[in-house]
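Novice: Generate a structure from the sequence data that follows.
(2 chains)
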Amino acid sequence: MAADLRALHQDLLRPLEPTGPAYKSTVLLLALIAGWGGLCWLYMMYNGLGVSGISHPVGWGLYITNFVFWVGIAHSGTLISAILFLFRARWRTAIARSSEAMTVFAVMTAGLFPLVHLGRPWYFFWLLPYPNQRELQPNFRSPLVWDVFAISTYLIISSVFLYLGLIPDLAAARDAARGARRKLYGLLALGWRGTGRQWRSFSSAYLLFCGLATPLVVSVHSVVSWDFAMGIVPGWHATIFAPYFVAGAILSGLAMVLTLSIPLRRLLRLEAYITMRHFENLAKLILLTSLIVGYAYVVEAHLAWGSGDRIERDSFGLRFHGSWESPLFWLMVACNAVIPLLFFARRVRTHLPSLFGIALLINVGMYLERLVIISGSLSHDFLPAVWRGYHPTWVEASITLGSFGWFLMWFVLFVRQAPPLPIAELKEHLQEASL
Amino acid sequence: MSSVKQGPILGLFPTGESAAAAAEELRRRGFSELEYRAPAPHPALERAFAGPSSPVRRFTLIGAILGGLAGFALTIGLSLLWPRIVGGKPVVSVPPFLVIVFELTILAGGLATLVGFLWSGRLGRAQRGPYDPSLSVDRYGIVVRCAASEREAAAAALRELGCEAVVE
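Specialist: The predicted structure is shown next:
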């Protein structure tokens, strides 16, 4: 048993060893992509939002699409870490840490886009309630203000949750490291020594965090969905938006976990810990959420048809056929509700290239879903005279690309600077298995 | 002048079960001030060192209640300070305010949980007493606190009970 624990310990601290040129080049490349996005943002700040494709009537374009997409990606970390922990689904352990990290970096990325969309981001503090001479305060009845509170809370809680779980593993890294890294890990481990009192507090705090994070994750994407559903725009004003968006968020997040875990497992040589069983279970969860999302697509259309509202019906009719977003809509249906059905076949669920390919397609499909709902609905609302398509410009495309570079750069940095798998939790499972 | 060694001593054990059994035996021999160290939570050690439940949950509860109250105070108070009628709704519209109340409840509950964890785990302050890096790998430790005159007897008892090494 001791030999098993030592082997596990060494295997899981190996990724923290000094990195090679390939890793450094990857980080540099991702930093350059993120930097390009940042430069384009500066360009837009200097020249105004006119350099983007956002114009009347499509006031919300790729930036808000990116915001919703990245918030959605952030949901799987909490699902895997908190919700599956409460359900005692032990298989989650091996992928929990990377999913939690993904959550934090995805929320960090998402949080940038309302600022990008502002055009004048230096006025963002107008959304915050703070004492001021004019006694101006935000409108607490607005979903946009709810969003500020929900996203900020989610970022803080998911960051603390990630850090809390890391503390025992940072202590293990401290004990194995030398020099400056030892000092850094020692500082971050806060003097953790694995005493009985510390483990009791840790277990209690972890469980409580799971209990807090579970309703939070449901609330966050519900609030995001209300950014739309509270508006009267045809295509947005639907009561099913909250559960529909939460299911979609979990689907996209799980797909991103698969997309990142498959190469991570291979590059960090973690095949003994992240096994096919993990991928198969993820595929089953994807299948479940895909069925919910597919059902929501049908219900959403049915609600429009049964509403008796001519504008609402026409808006959905255009979504299906005759508008710029119609091909994107059908591609989205294929990627999110049809292709994942292949996971009913065990052979597909246990075939890595298929898993990776389908996960990528779901990522694409979920991005399109947000674009179709947000910009598609705006492009044909109540006044046919102002109906207009939406054509993102190179600035929007560059900032979007930059957000992927930004997200991946943090993720790649994280998995080589902090234990990418929860060492203490895996040791606990190993001990219990040997009893 | 001969120096008498003081402070706790640590015995390293290869398994959680052997450490838990040693702790039971040490108690029988009169060493009552014991604590354990482990690389991960271990059921045998948790049973052997069963104590009062962690106070972290009280922090969470108090934090969450204060967060919720702060949410009500913030939304209602600031709306009254800036009484603006939007969409024909009352200035104090509690249902939409509940979203912010909920978020602040979770936020304050979470931050209070962190504070409770740091406080009850005595983290973020100077750690004293013997420690060995193998405790974060695969070894389990029993720390014995005793009078200086009993240290040798405690070290002998630890070795007799299967301890691999004694750290002072």
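
Novice: how near is the closest residue to residue A:176 other than its chain neighbours to residue A:173?
Specialist: Spatial nearest neighbour of residue A:176, excluding adjacent residues (CB to CB, 6 or more residues apart in numbering or on different chains): residue A:13 at 5.3 Å. All C-beta atoms are positioned from the backbone trio N, CA, C, and that covers glycine. For residue A:13, the distance to residue A:173 equals 6 Å [CB to CB, to the nearest Å].

Novice: follow-up on the earlier one: residues touching the residue nearest to residue A:176, list them.
Specialist: Going by CB atoms under 8 Å, 6 or more residues apart in numbering or on different chains, residue A:13 touches A:172, A:173, A:176, A:419, A:423.

Novice: Quickly find the element holding residue B:35.
Specialist: strand B:34-37 (DSSP states H and E).

Novice: now for that strand, which elements pack on it?
Specialist: helix A:196-229, helix B:16-28, strand B:140-144 (3 or more CB pairs under 8 Å, 6 or more residues apart in numbering or on different chains; DSSP states H and E).

Novice: Residues of the stretch 51-200 of chain A that sit close to chain B?
Specialist: The stretch 51-200 of chain A comes close to chain B at residues A:129, A:135-137, A:139-142, A:145-146, A:149-150, A:152-153, A:156-157, A:160-161, A:164, A:167-168, A:171-172, A:174-176, A:190-200, as judged by CB under 8 Å from any CB of the partner chain.

Novice: ok, back up a step: so which of the contacts of residue A:13 sit within helices?
Specialist: If you go by DSSP state H, these have A:172, A:173, A:176, A:423 in helices.

Novice: Next, the contact list for the residue nearest to residue A:172 when sequence neighbours are not counted, please.
Specialist: Once flanking residues are discounted, residue A:172 sits nearest to residue B:136: 4.2 Å by CB to CB, 6+ apart. The contact partners of residue B:136, by CB under 8 Å, 6+ apart, come to A:9, A:168, A:171, A:172, A:174, A:175, A:176, A:194, B:39.

Novice: ok, the last one touching residue B:139?
Specialist: The one in question is residue B:39. Yes: using CB atoms under 8 Å, residue B:39 is in contact with residue B:139, at 7.4 Å.

Novice: Next, give phi and psi for the most centrally placed residue in chain A.
Specialist: Residue closest to the mean C-alpha point of chain A, counted by CA atoms, centre = their mean, is residue A:73 at 1.9 Å. Taking degrees, to the nearest 10, you get phi -60, psi -30 for the backbone angles of residue A:73.

Novice: how close does the closest residue to it other than its chain neighbours get to chain B?
Specialist: In space, and not counting its chain neighbours, residue A:73 is closest to residue A:106: 4.1 Å by CB to CB, 6+ apart. Look at residue A:106 and chain B: by CB to the nearest CB, to the nearest Å, they are 18 Å apart.

Novice: Could you do residue A:122 as well?
Specialist: 22 Å.

Novice: which ones are touching the residue nearest to the centre of chain A?
Specialist: A:102, A:106, A:110, A:249, A:252, A:253, A:256, A:407.

Novice: Name the helix or strand for the first one, please.
Specialist: Okay, so that is residue A:102. Assigned by DSSP H and E, residue A:102 falls in helix A:93-118.

Novice: got it, and the last one?
Specialist: Using DSSP H and E, residue A:407 maps to helix A:394-417.

Novice: which of the residues in that helix are buried?
Specialist: For helix A:394-417, a neighbour-count test (16 or more other CB atoms under 10 Å in any protein chain shown) marks A:395-396, A:398-416 as buried.

Novice: which secondary structure elements does that helix contact?
Specialist: Secondary elements touching helix A:394-417 (3+ CB pairs under 8 Å, 6+ apart): helix A:21-47, helix A:62-73, helix A:93-118.

Novice: which one of those helices is the most hemmed in?
Specialist: helix A:62-73 (a mean of 26; mean count of other CB atoms under 10 Å in any protein chain shown).

Novice: I'd say the residue nearest to residue A:73 and residue A:68 touch.
Specialist: No: with contacts counted by CB under 8 Å, residue A:106 stays clear of residue A:68, the gap being 11.5 Å.

Novice: Point out where chain B drops to low pLDDT.
Specialist: Chain B contains residues with pLDDT under 70 at B:1-5.
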